[in-house]
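Trainee: Give me coordinates for this.
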Amino acid sequence: MSVPTDLKYTADHEWLSLDGGTATVGITAFAADALGDVVYVDLPIVGAAVRAGAPCGEIESTKSVSDLNAPADGEVVEINQEVIADPSVLNTDPFKAGWLFRLKVSGMPDLLDATAYEALTGGA
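Mentor: So this is what the prediction gives:
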């Protein structure tokens, strides 16, 4: 799967789409493929404060449990209930329907662009 050029990325394989002061957050196709079949997602609650690089949830697959790290500082304003109901959407559509939560951004670290993320993942 190609890496969308309109998103920003973390080295931990989260993506972020910024629209004004609100960011939509998800995991990349590279992360979803590495996890295998996703069976459970634990997301931060609406109103929770998250910090860039800090764990804010978990993603469980048939192979492992991995931390979900926040890509920016802010307050969670919405979570994707459809992903909680059907976590497998992370495997089938991680960049669209598989978004995880929305964040009112209060601080933004330097994130990777698509070219840098592709270099990090070896072009995968």
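Trainee: Bridging across strands, which residues link to the spatially most central residue of the chain?
Mentor: The residue lying closest to the centre of the chain (C-alpha atoms, centre = their mean) is Gly26, at 2.3 Å. In this entry, Gly26 is beta-bridged to Trp15, by DSSP bridges.
Trainee: what pLDDT does it get?
Mentor: The predicted local distance difference test score for Gly26 is 98.
Trainee: can I assume it is in contact with Pro94?
Mentor: Yes: contact criterion C-beta atoms under 8 Å: Gly26 and Pro94 qualify, at 5.9 Å. For glycine as for every other residue, the C-beta is placed from the backbone atoms N, C-alpha and C.
Trainee: so for stretch 103-119, what's the average pLDDT?
Mentor: For stretch 103-119, the per-residue pLDDT averages 96.
Trainee: what comes into contact with it?
Mentor: Here stretch 103-119 makes contact (C-beta atoms under 8 Å, 6 or more residues apart in numbering) with 3-5, 7-11, 16, 18, 21-25, 28, 50, 52-53, 70-77, 120, 124.
Trainee: and these, which are buried?
Mentor: 3, 7-10, 16, 18, 23-25, 28, 50, 52-53, 70-74, 76, 120 (16 or more other C-beta atoms under 10 Å).
Trainee: Which ones among the residues you listed map onto strands?
Mentor: Lys8, Tyr9, Leu16, Leu18, Ala23, Thr24, Val25, Val50, Asp73, Gly74, Val76 (DSSP state E).
Trainee: For the protein, give me the ranges with low pLDDT.
Mentor: Applying pLDDT under 70 to the chain flags residues 1, 124.
Trainee: all helices in it, in order from the N-terminus.
Mentor: 29-35, 81-85, 89-92, 114-120 (DSSP state H).
Trainee: And the ones you listed: which comes nearest Pro44?
Mentor: Closest to Pro44 of the helices of the chain is helix 81-85 (C-beta to C-beta; 11.8 Å).
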